[in-house]
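**Student:** Let me see the structure of the following:
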Amino acid sequence: MLPKIKTIVYACDLDGKTQAAMELVLNLAKTHDAKIILMHAIEPLNTQASNMINNYVNEDIREAMRKEAISEIDARMKKLLSEFIEKYSEELADLEHTPETLIVNGVPSESIQRVAAEKNADLIVMNSRTHGRLSQMIIGSTANKVIHTSSIPVLVVPIK
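**Tutor:** Residues are numbered from 1 along each chain as shown. Okay, the predicted model is just below:
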């Protein structure tokens, strides 16, 4: 029996160049009657930046800034999703499940896989930027890390 796609996790970086990937995710969801989870991972600050902020900004202000950032990201995700659903309203009129948005904190590659496991996803969809060979060797890429460590299929959509 062929595997079924019931849940798709779309790890979106909200770059603004998500057109091709978002269209593909919506098409896959419609074709397979699958649920979409549009997620974004907020990467933690490195130690140096975190220490600097903690030394100069009190805890109440840091918490307010964090809440404001999450609120802005959530608004951007919902706006992106509603724009695509409106743009393709006729094609998506019979979309079985309302897409879910999710914001998580953590290293993106680990967060993507954690969300996929928690939501019992059958497919992870991601964007991929073109990095030079040197930068990929030194820092790697989120997509590359997910591809090589995921236990479920990963579909990578190139950003041009």
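**Student:** what about the strands in the protein?
**Tutor:** Applying DSSP state E to the chain gives strands spanning 7-11, 35-42, 100-105, 123-128, 154-158.
**Student:** Present these as a markdown table; the columns should include mean pLDDT and distance to Leu24.
**Tutor:** (Each C-beta comes from the backbone N, C-alpha and C, glycine too.) Shown next, in a markdown table, are the strands of the chain (pLDDT from 0 to 100; distance: least, CB to CB, whole Å):
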| stretch | mean pLDDT | distance to Leu24 |
| --- | --- | --- |
| strand 7-11 | 95 | 9 |
| strand 35-42 | 92 | 11 |
| strand 100-105 | 90 | 18 |
| strand 123-128 | 90 | 7 |
| strand 154-158 | 90 | 6 |
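**Student:** Lys87 is nearest to which of the ones you listed?
**Tutor:** Closest approach to Lys87 among the strands of the chain is made by strand 35-42 (15.3 Å; CB to CB).
**Student:** Run through who's touching the closest one.
**Tutor:** 6-14, 25-26, 29, 69-70, 73, 77, 80-81, 96-97, 99-108, 111-112, 115, 119, 121 (CB atoms under 8 Å, 6 or more residues apart in numbering).
**Student:** Please indicate which of those residues are buried?
**Tutor:** Burial by neighbour count, judged by 16 or more other CB atoms under 10 Å, picks out 7-13, 25-26, 29, 77, 80-81, 99, 101-104, 108, 111-112, 115, 119, 121 from the contacts of strand 35-42.
**Student:** Any idea which helix or strand in this protein has the lowest mean pLDDT?
**Tutor:** The weakest-scoring helix or strand in the chain, judged by mean pLDDT, DSSP states H and E, is helix 133-139 (a mean of 50).
**Student:** Please name the residues that touch Glu96.
**Tutor:** Applying CB under 8 Å, 6+ apart to Glu96 gives the contacts 29, 33-35.
**Student:** Same question for Glu23.
**Tutor:** Counting by CB under 8 Å, 6+ apart, Glu23 touches 84, 88.
**Student:** per-residue pLDDT, it?
**Tutor:** Listed pLDDT for Glu23 reads 87.
**Student:** Please tell me how far it sits from Glu118.
**Tutor:** 26 Å (CB to CB, to the nearest Å).
**Student:** Kindly report the same for Ser82.
**Tutor:** Per CB to CB, Ser82 is found 25 Å from Glu118.
**Student:** Same question for Leu45.
**Tutor:** In this view, Leu45 and Glu118 are 24 Å apart by CB to CB.
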